[in-house]
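In: Structure, please.
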Amino acid sequence: MLLSALILLPLVGALPLLTVRDRNAQEIKVWAFIVAFVTFLVSLPLWTNYLVAPGLPLYQFVERYPWIRMGGLNIDYAVGADGVSALLILLTTFLTPIALLGSWNYIKERQKEFYIAMLVLETAMIGVFAATDLFLFYVFFEASLIPMYLIIGIWGGEDRLYATTKFVIYTVFGSLLMFVAILWVYFKASAGLPEGEASFGITQLADRLEALRVAGQLSRSQEIWCFWAFALAFSIKVPLFPLHTWLPDAHVEAPTPGSVILAGVLLKMGGYGFLRLIVPFFPHASAFYAPFFSWICVIGIVYGSLLAFAQKDIKKLIAYSSVAHLGVCMLGIFSYSEIGVQGGIYQMLNHGISTGALFLLVGMLYERAHTRTIDYFGGIAKVVPVYTVCFVIVTLSSIGLPLTNGFVGEFASLLGAFQADPKVHGTWGKAYAGLGGLGVILGAAYMLYLVKRVFFGRLIRASNEHLHDLTGRELGLLIPLLIMIFVMGILPTPFFRRMEPAVKAFLRAANRQAQGPEVMAIRNAPGTEAEAGIAPGRLIPVAQVTPSITPAEAAKSPPAQVTVASVRRIGAYVVAEVRIQNPDEKHPRKFSALHASFLDAEGKKLCDAIQCYEAQHFKFNIEKLTDQPHLGAAITGPSHRIGPGQTFEMVAVGALEPGAGEPARATVNLKFMDGTAAQGKGP
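Out: The predicted structure follows:
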């Protein structure tokens, strides 16, 4: 119930504000801050209780309840957190109370509506990172647009209507295309499944799409069209060059807390979408276009840095720096190397901390001087020394000084780009890293030049002599950010360790393209004869397996029989012994897709199979379960050959969630390469 509590707490906390008559009462902001701070405290178990150990499921804190059942749609309220989503939820709950505290003196009108919008936005953002049902993900993804539209459009600057309209047009255009692709993916993936088995579950859809790919029922052109529908939506959200033009306007016109949340959290939804949806759903198209997107990232890094140099407004300069920094994040993710993906994710977290702090600092300066023009300032370090120290520390984090968080993220991302998977990128990795490094150098140049012009030298304007230094409230909201800058720079290992299983699962999904569709169900186990030239213990590529019987022959052949002989629990796993009998005395058979689920005595589904093995080699393969992710329901690929009149014995294995009931039965659905199907349930 932890994730549901996190999702609902800000929303429920916003309800009492509806009853307040005085729109600008002091109690409104105090109550909103308390709700956001309590939400942060409630989220801490995502750090303290998230377990990283062999044999544990990838997704933890899992909840699933039926939600919508109509017109062939099976939509669940399903939430869960892996290492990446847990860290992003923590980033959200950490930044929200800080942003609210930063709005204390900035928001002067219609405060009730503002704080309601901020709390509703927090609910939507947490929901995006927690959702494991694709439809639910889309609902939260779109819901986050509405409060941000209001925050910019009502409490923004002079050109707020232009900025917010541009923001909405860009985002909605991409989102509607993605929604069409979501429905197409669902109905494509659910075709042919038994009634009630279709699901919007993200892992289930990814595995089902792989099953269709293996069976030749998902064409390359279909995958590419869907890939671009998703990629356009998330590229706008990141944003990647040249779809970034809405971002500087939105940042400049947004109020300070809006800019903090926009830079710190909302932009991360784009990178998260590539990680969670695009690559697992469309690994072939993703690999094909990964070099293209890597070059887009490189261009964005250099282009964003050069434009930042040309800015006269401090806030707009930081906005363009975000384009460059997020280009580094995505370059690491597109590298398809473990260190690069981890670095890209870590840099997303770093960007939320450092750039959020920069926007807070710029907002504080604007409250004092009522301008953000760089030339207006100069030499103010003598007047506001504490403010200057904080700004310089955050700047050093932003440019990647060693011992700060920015150094770890940028170094890992660029190292990953340098070591980019040659099967995907060829020899371009060194070019990515070199040009990406140039962007980092430019970033240091424009940020240090900004610091020099604003804080050092002689005091240009006499009016700046009256600027007052940081108040206790302002210093209090900056200190947690400054602490995290050094903690994440000096102790990155706990963060990397938590995201490692999710990154490995991402790379396993991404590498499906490397050798063509591969068997995810049955290994050619050690001790057996090599099949089709594949060494024992290796997965069998589908291209090397051909049907053993034609559909016409299969129509005249007796159907295969599937028997579940036993179901037993082994520690955190549940194991079912399955026998597949081929009664045809003339033709051998090979199956192309397998879907196994485990149930308790009352028929409630506990989990899906994550791996299958030949029964006689189960003891060898059980050792490999320790690094297997939760792959979902559809375990696909052609199996070991089942000869005429023979029985093939195998073991299906599932990973039970903590606190799951006792398994009693299993259901197994098979599809054969000849087009026939079989089902078994027992014992």
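
In: Could you check how far residue 214 is from residue 428?
Out: Distance of residue 214 to residue 428, computed by Cβ to Cβ, to the nearest Å: 29 Å. Quick note: C-beta positions are derived from backbone N, CA and C, even for glycine.

In: Equivalent analysis for residue 137, please.
Out: In terms of Cβ to Cβ, residue 137 sits 32 Å off from residue 428.

In: Residue 148 now?
Out: From residue 148 to residue 428 the distance is 36 Å (Cβ to Cβ).

In: Which residue of these two possesses the greater neighbour count?
Out: A count of neighbours by other Cβ atoms under 10 Å puts residue 148 above the other of residue 148 and residue 428, at 24 against 17.

In: looking at it, residue 380 is touching residue 455, isn't it?
Out: Yes. Using Cβ atoms under 8 Å, residue 380 is in contact with residue 455, at 5.8 Å.

In: Would you mind telling me which of these two has the busier surroundings?
Out: Higher neighbour count among residue 380 and residue 455: residue 380, with 25 against 22, using other Cβ under 10 Å.

In: what about the nearest residue to that one once chain neighbours are set aside, neighbour count?
Out: Leaving aside its sequence neighbours, residue 380 sits nearest to residue 464 (Cβ to Cβ, 6 or more residues apart in numbering; 5.4 Å). Residues within reach of residue 464, counting by other Cβ under 10 Å, total 18.

In: residue contacts, residue 464?
Out: Neighbouring residues of residue 464 by Cβ atoms under 8 Å, 6 or more residues apart in numbering: 369, 377, 378, 379, 380, 383.

In: got a list of what residue 253 touches?
Out: 152, 156, 157, 158, 159, 160, 162, 163, 164.

In: low pLDDT regions in this structure?
Out: Residue ranges of the chain with pLDDT under 70: 54-55, 195, 512-556, 571, 590-593, 611, 613-641, 673-675.

In: I'd guessed residue 447 sits against residue 399; true?
Out: Yes. Using Cβ under 8 Å, residue 447 is in contact with residue 399, at 5.1 Å.

In: Residue 596 belongs to a strand?
Out: Yes. Assessed by DSSP: H, G, I helix; E, B strand; the rest coil, residue 596 belongs to a strand.

In: Number of residues surrounding it?
Out: 27.

In: any common contacting residues for residue 380 and residue 455?
Out: residue 388.

In: Strands of the chain, start to end?
Out: Along the chain, counting by DSSP state E, strands occupy 60-70, 73-81, 561-570, 573-581, 591-600, 605-614, 634-636, 647-655, 663-672, 677-682.

In: could you dump those to a markdown table with distance to residue 184?
Out: Shown next, in a markdown table, are the strands of the chain (distance: least, Cβ to Cβ, whole Å):
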| stretch | distance to residue 184 |
| --- | --- |
| strand 60-70 | 18 |
| strand 73-81 | 13 |
| strand 561-570 | 31 |
| strand 573-581 | 33 |
| strand 591-600 | 20 |
| strand 605-614 | 23 |
| strand 634-636 | 18 |
| strand 647-655 | 29 |
| strand 663-672 | 21 |
| strand 677-682 | 23 |
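
In: Just list the residues touching the residue sitting nearest the centre point of the chain, thanks.
Out: With distances taken as Cα atoms, centre = their mean, the chain has residue 272 as the residue nearest its mean C-alpha position (2.7 Å). Residues in contact with residue 272 (Cβ under 8 Å, 6+ apart) are 84, 85, 88, 128, 129.

In: Contact partners for the residue nearest to the first one when sequence neighbours are not counted?
Out: Nearest non-adjacent residue to residue 84, counting by Cβ to Cβ, 6+ apart: residue 502, 4.5 Å away. For residue 502, the contact set (Cβ under 8 Å, 6+ apart) comprises 58, 82, 83, 84, 85.

In: Equivalent analysis for residue 339, please.
Out: 412, 415, 416, 419.
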